[in-house]
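Student: next one to model:
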Amino acid sequence: MQMSATGSDLAGSYITALMASSMALREVDAAYANRLVETGRNLYWFANNYRGIYSDHITDAQAFYK
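Tutor: Here you go, the predicted model:
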């Protein structure tokens, strides 16, 4: 798969939120917590394989992030 836009920096923030949520919800809903972990793992794969800064590729966001 060829990617023209990346965002591993932004993906890292989402991964953190997914993993923290899975820890907080583990005792309440283990199945949902597992889903959050799996989603975080998939997002990590993307971020690791398609590295780049979000605002470098999404020009509408450049003024906000810089």
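
Student: for the protein, what spans make up the helices?
Tutor: Assigned by DSSP state H, the chain shows helices spanning 8-25, 30-49, 54-57, 62-65.

Student: residue 40: neighbouring residues, count only.
Tutor: Look at residue 40: counted by other Cβ atoms under 10 Å, it has 20 neighbours. C-beta coordinates here come from the backbone N, C-alpha and C atoms, glycine included.

Student: with adjacent residues omitted, what lies nearest to it?
Tutor: Distance criterion Cβ to Cβ, 6 or more residues apart in numbering; nearest residue to residue 40, sequence neighbours excluded, is residue 18 at 3.9 Å.

Student: mind putting the helices of the chain in TSV, mean pLDDT included?
Tutor: Listed next are the helices of the chain as TSV, based on pLDDT from 0 to 100:
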stretch	mean pLDDT
helix 8-25	95
helix 30-49	96
helix 54-57	73
helix 62-65	69
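
Student: does the residue nearest to residue 40 really touch residue 42, like I thought?
Tutor: No - Residue 18 lies out of contact with residue 42 (Cβ atoms under 8 Å); the separation is 9.8 Å.

Student: these two: which has the busier surroundings?
Tutor: Between residue 18 and residue 42, residue 18 has the larger neighbour count (other Cβ under 10 Å), namely 21 against 12.

Student: list the contacts for that one?
Tutor: 36-37, 39-40, 43 (Cβ atoms under 8 Å, 6 or more residues apart in numbering).

Student: hmm, 6 Å instead?
Tutor: Applying Cβ atoms under 6 Å, 6 or more residues apart in numbering to residue 18 gives the contacts 36, 39-40.

Student: next one: residue 40
Tutor: 15, 18-19 are the contacts of residue 40 under Cβ under 6 Å, 6+ apart.

Student: closest to residue 50 among the residues you listed?
Tutor: residue 15 (13.7 Å; Cβ to Cβ).
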